[in-house]
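Q: Return atomic coordinates for the entry below.
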Amino acid sequence: MAIKHLVLVELKEGVTDADMGEALDGLYALKGQIPGLLTVDAGRNFTDRGGNYNFAAVMTLADKEALAGYGPHPAHQAAAGKLGEFANGLLVLDFEV
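A: The predicted structure is shown next:
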């Protein structure tokens, strides 16, 4: 069964589009580097329905084994670290589809 890895981020005040472009580049670059990572979709929330969460990323992974390898992968750690520089807080959920 495929896995959706959902990350909701509350961005810090003053995070620019250029900052987010850098973070997005890192997230999109994960595809092809991490075994079992099938898709990457991410962007800023454009409505007021997200509360304090104003950025989201959704990754599709092949299965739970791929998810287990995704977290500690060095490319993921680098991309997550960059995104973390711009975050006040985040929420992560993983579910099967």
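Q: Look up which residues are beta-bridged to the residue nearest the centre of the chain.
A: The chain has Ala57 as the residue nearest its centroid, 3.9 Å off, counting by C-alpha atoms, centre = their mean. Taking DSSP bridges as the rule, Ala57 bridges to Val7, Ala42.
Q: burial of Leu38, as a residue count?
A: Neighbours of Leu38 under the rule other C-beta atoms under 10 Å: 13. C-beta here means a position set from N, CA and C on the backbone, and glycine is covered the same way.
Q: Just say helix, strand or coil for it.
A: Classification of Leu38 by DSSP: H, G, I helix; E, B strand; the rest coil places it in strand.
Q: Test my guess that it contacts Asp63.
A: No. The criterion here is C-beta atoms under 8 Å, and Leu38 misses it with Asp63 at 10.1 Å.
Q: which residues are in contact with both of the two?
A: Ala2 (C-beta atoms under 8 Å, 6 or more residues apart in numbering).
Q: Just the buried residues of the lowest-mean-pLDDT helix or strand in the chain, please?
A: Taking mean pLDDT, DSSP states H and E as the measure, helix 17-28 is the helix or strand of the chain with the lowest mean score, a mean of 93. Of all the residues in helix 17-28, those buried under the rule 16 or more other C-beta atoms under 10 Å are 19-20, 23-24, 26-27.
Q: and which of these is nearest to Ala68?
A: Ranked by distance to Ala68 (C-beta to C-beta), those are led by Leu27 at 19.2 Å.
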